[in-house]
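>>> Sequence and predicted structure, then a few things I'm wondering about:
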Amino acid sequence: MLIIAIFTGCGSPAPMAAKMVDGGDGSSLSSEENASGGDGAESSADTVEVESGARSGNVDGTPIVLTTEAPGVEVYESDGVSLDVSNAAKGYCMIRYSGSCEKVRIVIDTPQGNRYNYLCPMDGTYHAYPFSEGNGNYNIQVCENISGTQYAAVLGQAINVTLESEGIAYLYPNIYVEFDDNTKAVAKGAEIAAGAADDLTVVSRVYHYVSENVKYDYDLAKNVGTDYQPVVDNTFTSCTGICFDYASLMAAMLRSQGIPTRLEIGYAKEQYHAWIGVYLKDIGWVDGLISFDGVDWTMMDPTLKSTGKDTVVEDYMHNKSNYYKIVFKY
């Protein structure tokens, strides 16, 4: 088995975590602070047992686009908020906000004690949010802005999640990797993957396509806000973006090829980065295979593991593990 992590560096700030405090009237208020990632956020190569769509021969690259749904089987509602957890076993929940508040945040506390904070789209439609850290109890809060950085929870719900398979969440679209059958990047991914003999070839082709066609936007990196959200086809059509955009685009292309792909955010020493981890069945996991240092893309030869150059690989992996720290997974 092989996992590939594609590292993309940028100057974008860390997501904001919401620290909930008593509002005095039974409601919850929050003051924003920089996320620390909790006590379970250290980088690790945890094995994911999941079907990866591994290729046994040449394929035509036909997309495998899984669709997130809100079927209404298990729904929680309050004050313009709908939380549909009918497909929790598939690794996601669906949230829709149709209230009158101009700014709303979604806070998800994970079984590992980490806190994920999202800016809720105000379009009145459902969006998918991943259960990023496996099985266990998740606490979901939808909070309306009441003043400045203060928020009040209008819905709170604890959900016990048992996934169909550990990596299933990384095959579906979500709020940071949104795509469907009509996404232009998905069609390009199919074109790129056509004829590939195995998933590693697809990953390599996607890496070359993105690194050769998308230019890093240094101005955006300097000015990006904490609530920045990537849009896959915006990056694809403009051919520009920051690390978050690169990672989201590659994740969409690979997920739509049936390859579980995790968008990861964390620190390379003191700089904030986004990268992706890819699971390839029957090969293994390699963290940091493809990296972006803010200037250049590089790709380590994956055959190093099988050509007896163990010292090179061990030194590379040792240095990587001391350098990168994963904070969030999407």
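Nice, I can see it.

>>> And the next helix or strand past the worst-scoring helix or strand of the chain on mean pLDDT?
Least confident helix or strand of the chain, by mean pLDDT, DSSP states H and E, is strand 28-34 with a mean of 34. Remark: after strand 28-34, the chain's next helix or strand is strand 75-78, criterion DSSP states H and E.

>>> Would you state the helices of the stretch 151-300 of the chain in chain order?
Assigned by DSSP state H, counting those that start in this stretch, the stretch 151-300 of the chain shows helices spanning 184-193, 199-213, 218-223, 232-238, 243-255.

>>> Of those helices, which is nearest Tyr170?
helix 243-255 (6.9 Å; C-beta to C-beta). All C-beta atoms are positioned from the backbone trio N, CA, C, and that covers glycine.

>>> In terms of secondary structure, what does that closest one contact?
If you count contacts as 3 or more C-beta pairs under 8 Å, 6 or more residues apart in numbering; DSSP states H and E, helix 243-255 packs onto strand 2-9, helix 184-193, helix 199-213, helix 232-238, strand 261-268, strand 271-280.

>>> and the angle from it to strand 261-268?
150 degrees (axes from the mean of the first three to the mean of the last three C-alpha atoms, to 10 degrees).

>>> Convert helix 243-255 to CSV, retaining C-alpha atoms only.
Extracted in CSV, the C-alpha atoms of helix 243-255 (Å, rounded to 0.1, in the frame of the first residue of the first chain):
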residue,chain,number,x,y,z
CYS,A,243,-1.8,26.2,-1.9
PHE,A,244,-5.4,25.6,-0.9
ASP,A,245,-6.6,25.9,-4.5
TYR,A,246,-3.9,23.5,-5.8
ALA,A,247,-4.8,20.9,-3.2
SER,A,248,-8.5,21.2,-3.8
LEU,A,249,-8.2,21.0,-7.5
MET,A,250,-6.0,17.9,-7.3
ALA,A,251,-8.2,16.3,-4.8
ALA,A,252,-11.3,16.8,-7.0
MET,A,253,-9.5,15.3,-10.0
LEU,A,254,-8.3,12.3,-8.1
ARG,A,255,-11.5,11.6,-6.1
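
>>> Now do that helix, average pLDDT.
Averaging pLDDT along helix 243-255 yields 92.

>>> Can you check what angle separates it from helix 199-213?
140 degrees.

>>> what angle separates helix 243-255 from helix 184-193?
60 degrees.

>>> Next, count neighbours for the closest residue to Tyr172 other than its chain neighbours.
Excluding the flanking residues, the one nearest Tyr172 by C-beta to C-beta, 6 or more residues apart in numbering is Leu66, at 5.0 Å. By the criterion of other C-beta atoms under 10 Å, Leu66 has 16 neighbours.

>>> One more: Asp233?
17.

>>> Surely it touches Thr183?
Yes. Asp233 lies in contact with Thr183 (C-beta atoms under 8 Å); the separation is 5.7 Å.
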